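Colleague: A structural model of the following input is requested.
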Amino acid sequence: MNSLLSFSRRQKQTVAVMADLFFLPLTFCVAIWLRYDSFSFSLFQQYAGLLIACPIVSIPIFIRLGLYRAVIRFYRS
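Modeller: Below is the predicted model:
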């Protein structure tokens, strides 16, 4: 944990973006799974475009709203 805290601000923001690139589609998949109460590959193929678009749309919005800057500032203190 100390090594992560010693990163520069830009590196911490990059780590946060990479985590979002992984977790945003994952949470979308879990939401689909819970909604239909089943897990089938064909079901997820229907939502492939949305799974790809989710981080592509969300991350620039998070950056524009200053989410990553606020999170890094919160953990700095």
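
Colleague: Okay, helices next: where are they in the protein?
Modeller: Under the criterion DSSP state H, helices of the chain are mapped to 2-5, 9-36, 41-46, 48-65, 67-76.

Colleague: Redo the ones you listed as JSON lines? Include mean neighbour count.
Modeller: In this view, the C-beta of every residue, glycine as well, is placed from N, C-alpha and C. Formatted as JSON lines, the helices of the chain follow (neighbours: other Cβ atoms under 10 Å):
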{"stretch": "helix 2-5", "mean neighbour count": "8"}
{"stretch": "helix 9-36", "mean neighbour count": "13"}
{"stretch": "helix 41-46", "mean neighbour count": "10"}
{"stretch": "helix 48-65", "mean neighbour count": "13"}
{"stretch": "helix 67-76", "mean neighbour count": "13"}
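
Colleague: Including mean pLDDT, could these go into a markdown table?
Modeller: What follows is the helices of the chain, written out as a markdown table (pLDDT from 0 to 100):
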| stretch | mean pLDDT |
| --- | --- |
| helix 2-5 | 74 |
| helix 9-36 | 92 |
| helix 41-46 | 87 |
| helix 48-65 | 94 |
| helix 67-76 | 76 |
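
Colleague: OK, contacts around the most centrally placed residue in the chain?
Modeller: Nearest to the geometric centre of the chain sits residue 20, at 1.9 Å (Cα atoms, centre = their mean). Contacts for residue 20 (Cβ atoms under 8 Å, 6 or more residues apart in numbering) come out as 55, 58, 59, 62.

Colleague: Which residue is the nearest non-sequential neighbour of the last one?
Modeller: Meaning residue 62. residue 68 (6.3 Å; Cβ to Cβ, 6 or more residues apart in numbering).
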